[in-house]
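>>> predicted structure and sequence below. I'll ask about it afterward.
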There are 2 protein chains.
Amino acid sequence: MNKNKNQLPNNTNSGSRNLGRLIMQLRRLERKPHHFGTAGPLTPSEIHTVEAIGTEGDVLMSELAMRLGITKGAVTQLITRLEAKELVKRSPHPNDSRGILISLTEKGKDAYIAHEEVHFQFYNQLRLQLSEQEIEVFEKCIDKLNNFLQK
Amino acid sequence: MNKNKNQLPNNTNSGSRNLGRLIMQLRRLERKPHHFGTAGPLTPSEIHTVEAIGTEGDVLMSELAMRLGITKGAVTQLITRLEAKELVKRSPHPNDSRGILISLTEKGKDAYIAHEEVHFQFYNQLRLQLSEQEIEVFEKCIDKLNNFLQK
DNA sequence: GCATTTAGTTAAGTAACTATACTTTTTTTA
DNA sequence: TAAAAAAAGTATAGTTACTTAACTAAATGC
């Protein structure tokens, strides 16, 4: 009845299982702090926040909350921590005195670039083991996956 | 100098960026509890633990810690919680009285199967949007990715 | 037969949140 | 235009999911 997976070849579910394994690996990685550039060790949340601000900067707290998919309260805590580490700075919004604009300091930009570099190197290593067409297909799949998870 | 990414075509880094987006989506998903089968709401850690035990069961606590990539202490806490929810049960190891074997109860197996079904349905939806060759390439990529992250 | 290793537990501490209540502005609307 | 509603950010207490370190008890290794 609801065991329709048994009507398909045996290996059909192995992809699903590997995807599960990937999720577990990411869970593990997303737990320990790492060094990026001249900044000390940054927790995953911290570096993701730096990434979400970006080198162009001037992002509202609420915009940041939306980008990171967390509450405003969580963003306040993160930014306070990152400000203490001198990776970001708060500045008043010129037109709306409720708003606060966040941007990266030089040290923050340095961490941002170092993090981008890690991503880039990682992806390059993957690229070495795959053909150009395969990479293309992979990126298409990642994109589809992203659209799915949007919901 | 270290901005070698600029020597490559513009879209070279978009894959890396999409992979980053995927990680953010997973972070978000891996935070809120969901229902699986007849069990009440289960946190991501809880259902991952159920998954790691599997329907065959009789897994040592330490083996579980290794599978989940967490410490023994964390496993003790998880299993205590899952035992209270009646999804797993502890039994003494027949030969080694230090060891404790964990297995799923009927309710636990039910949650396991419901979770597998979610994975399966999800993967099937992805399959609908891709050709068979594309799926094959995708799985190969996921596998490479897994091997990378192993370190 | 004692030292070491291995299995598991306990307790305290941390990171990363959420929920809720609050203040201060801005916007809406009646 | 005054009052109500909405929006931006903060503060605080609580939760989840861990880790670390110290512990007990049983097994293994000379």
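Structure received. Numbering: from 1, shown residues only, chains lettered A, B, ... in the order given.
>>> residue ranges of the strands in chain A, please?
Under the criterion DSSP state E, chain A contains strands at A:34-35, A:41-42, A:59-60, A:88-92, A:100-104.
>>> where does the third one sit relative to the chain's centre, distance-wise?
Which is strand A:59-60. In terms of Cα atoms, centre = their mean, to the nearest Å, the centre of strand A:59-60 is set 17 Å apart from its chain centre.
>>> for chain A, name the helix or strand with the lowest mean pLDDT.
Confidence across the helices and strands of chain A bottoms out at helix A:14-29, with a mean of 82, counting by mean pLDDT, DSSP states H and E.
>>> can you tell me what sits against the longest helix anywhere in chain A?
What stands out as the longest helix in chain A, according to DSSP state H, is helix A:106-128. Residues outside helix A:106-128 that contact it (Cβ atoms under 8 Å, 6 or more residues apart in numbering or on different chains) are A:36-39, A:42, A:47, A:50-51, A:53-55, A:82, A:86-88, A:104, A:135, B:2, B:5, B:13, B:15-17, B:19-20, B:141, B:144-145, B:148. For the C-beta atoms, the positions are set from N, CA and C on the backbone; glycine is no exception.
>>> what mean pLDDT does it get?
Confidence over helix A:106-128, taken as the mean pLDDT, stands at 91.
>>> what about burial for the contacts of helix A:106-128, which qualify?
Among the contacts of helix A:106-128, those buried by neighbour count (16 or more other Cβ atoms under 10 Å in any protein chain shown) are A:36-37, A:39, A:42, A:47, A:50-51, A:53, A:82, A:87-88, A:104, A:135, B:5, B:13, B:15-16, B:19-20, B:141, B:144-145.
>>> in the longest helix of chain A, what's buried?
Within helix A:106-128, the residues scored as buried using 16+ other Cβ under 10 Å are A:107-117, A:119-120, A:123, A:126-127.
>>> before we move on, back to that, can you show me the CA trace of the least confident helix or strand of chain A as CSV?
Extracted as CSV, the C-alpha positions of helix A:14-29 are listed here (Å, rounded to 0.1, in the frame of the first residue of the first chain):
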residue,chain,number,x,y,z
SER,A,14,20.3,5.1,-2.1
GLY,A,15,20.4,8.7,-3.4
SER,A,16,18.0,9.7,-0.7
ARG,A,17,20.2,8.0,1.8
ASN,A,18,23.3,9.8,0.6
LEU,A,19,21.5,13.1,0.8
GLY,A,20,20.6,12.2,4.4
ARG,A,21,24.3,11.4,5.0
LEU,A,22,25.2,14.8,3.6
ILE,A,23,22.8,16.5,5.9
MET,A,24,24.4,14.8,8.9
GLN,A,25,27.9,15.9,7.7
LEU,A,26,26.7,19.5,7.4
ARG,A,27,25.2,19.3,10.9
ARG,A,28,28.5,18.2,12.2
LEU,A,29,30.5,20.9,10.4
